[in-house]
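K.L.:
Here is the input, now give the coordinates:
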Amino acid sequence: MAHNNIITQSALEPIKTWEAQIAENLVSHANATLSKAHGWELIVLPHPYYVAGNDVSVYQDSNGDLVGTYMVRLTSNNVSYYAPINISTLAGQDPLTGVQSTAGAVQGQGGTAWVTDFSTEAQANLIATITTLLLPHTLLSHWEAHTGAVYSILPQVVYDSAGHVVGNYVAKIVYKSQELLLPCDTRLGGPLQPPRNTVLTCDTPFVYIPGGAGNNCNVHFVATATGTLPITYLYEYSAASTGPWNPVTAPSFSPPGWGSIACTITGNLLNITSVNPGSDSTRYVYIRCTVTNAAGTGISNSIYFGAHDATGSWIVYAAHEQAPFSRSEMLRLYKLRLWSLKNHNADTAVYMGRVGNQLVRRMKDQGFDFTQLTPEIQGFLGGELPYEERFARFKTMVLRCFGEFWPDCPNELVQDGLNACHVDRR
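P.N.:
Predicted coordinates for the structure are as follows:
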């Protein structure tokens, strides 16, 4: 006959209480999805970490290329990691177990004691197991209770075939004795993305200030870039395309040779509000933008910006002052000027510089109607003429004006031009 023990109801009360709590915890655990129970969570946006304007609803690599249309959060040692995934429409097992909670209050057996073969040693072992293993286990969060045995997170940069960073960590998952490595990152949305696609645009790369109208203008430089927000924008200027570069400062900055340039800077917008080209009346400067975020720096293209203060100007702008050209014609004039400075610098410096200004003043003093030149100017600006021919026609027109209004101009280039073109002198 088996030896029976008498154990009082009060001695079993802690065990019954613990069992009830464990049962409730396990039912809740079983009814959760397997991923949640083991520290995995599908990210559904808008997420609490979502930043307006920075689309982290998908997982992207360091170049902004799409890696996963969804993300899963892996939690390890109180740190969240995000891995790219794509949800499949293929049939799979229902993630819910279907287990329903039936745990309730523990029913007493009545009386004050049980007659049982459950020994006091077994009671002590059960109490020890419950208090040191099962109860603490069910009181832990899901990831604390399970992730240590299911996977681990290792710091390791993962690149794709294009050299872009896919993740700065790997999750090592053990599945049927095989180790699976899943790239992931601590940042929601994937690794930090350095600035890229950095582009600078300008709505008016050359401004003309009519005589007597002051130096006011309204020129917009806009820098755009993609990458991880926030992004900061620093505008810079230089006398040459190769630098050195200096920061553009508001309310004004003074490139070499310029009087000053007044401006405002708001985020990625540089607004030039006034120009003072200085003693030479016409000046140019290179402007670019450096963009920076937590992942790195990007540099935009540079734009050659110029200004002409027509307080008595060269011939084309004198005609524009009396009968304004269209915006497209003004842009063609600007491009012709750049080309001329590069390919015929000496002649351009004379015809479009101080000597040209003096010619215009003489013509104005004699009451010349500059609109007479408008059809000729539009002729060499229009069509698809090569720049060499455009400049040749412009030069012929200017020399003809020199021959009529200032034939004894002491400038050697002017005299050489008059002689070479056999211009009539009056």
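K.L.:
Could you use CA atoms for every contact and neighbour count after this?
P.N.:
Noted.
K.L.:
pLDDT averaged over stretch 219-229 - what is it?
P.N.:
Regarding stretch 219-229, the rounded mean pLDDT is 92.
K.L.:
So P277 sits against G259, correct?
P.N.:
Yes: with contact defined as C-alpha atoms under 8 Å, P277 and G259 form a contacting pair (5.5 Å).
K.L.:
and the most centrally placed residue in the chain, how far is that from Q372?
P.N.:
Of all residues in the chain, the one closest to the mean position by C-alpha atoms, centre = their mean is T226, 2.6 Å from it. T226 sits 50 Å away from Q372, taking C-alpha to C-alpha, to the nearest Å as the criterion.
K.L.:
Distance from the host helix or strand of Q156 to the middle of the chain?
P.N.:
Using DSSP states H and E, Q156 falls within strand 151-159. Here strand 151-159 shows a centroid-to-chain-centroid distance of 27 Å under the convention C-alpha atoms, centre = their mean, to the nearest Å.
K.L.:
Could you list every helix and strand that that strand packs against?
P.N.:
On a contact count with 3 or more C-alpha pairs under 8 Å, 6 or more residues apart in numbering; DSSP states H and E, strand 151-159 meets strand 165-175.
K.L.:
repeat that with 10 Å
P.N.:
strand 70-76, strand 165-175, strand 178-184 (3 or more C-alpha pairs under 10 Å, 6 or more residues apart in numbering; DSSP states H and E).
K.L.:
I'd like to know how far the closest residue to P205 other than its chain neighbours sits from Y237.
P.N.:
In this structure, P205 finds its nearest non-sequential neighbour in F305, 4.9 Å apart by C-alpha to C-alpha, 6 or more residues apart in numbering. Here F305 is placed at a distance of 10 Å from Y237 (C-alpha to C-alpha).
K.L.:
quick one, which of these two is more surrounded?
P.N.:
Y237 (25 against 18; other C-alpha atoms under 10 Å).
K.L.:
Tell me if the residue nearest to P205 really is in a strand.
P.N.:
Yes: according to DSSP: H, G, I helix; E, B strand; the rest coil, F305 belongs to a strand.
K.L.:
residues touching it, list them.
P.N.:
F305 makes contact with 202, 204-207, 219, 237, 283-287, 334, according to C-alpha atoms under 10 Å, 6 or more residues apart in numbering.
K.L.:
Would you point out the most distant pair within those residues?
P.N.:
Y237 and Y334 (19.5 Å; C-alpha to C-alpha).
K.L.:
wait, what's in contact with the nearest residue to A225 once chain neighbours are set aside?
P.N.:
The spatially closest residue to A225, leaving aside those adjacent along the chain, is T198, at 4.3 Å (C-alpha to C-alpha, 6+ apart). Counting by C-alpha under 10 Å, 6+ apart, T198 touches 223-227, 289-291, 297-301.
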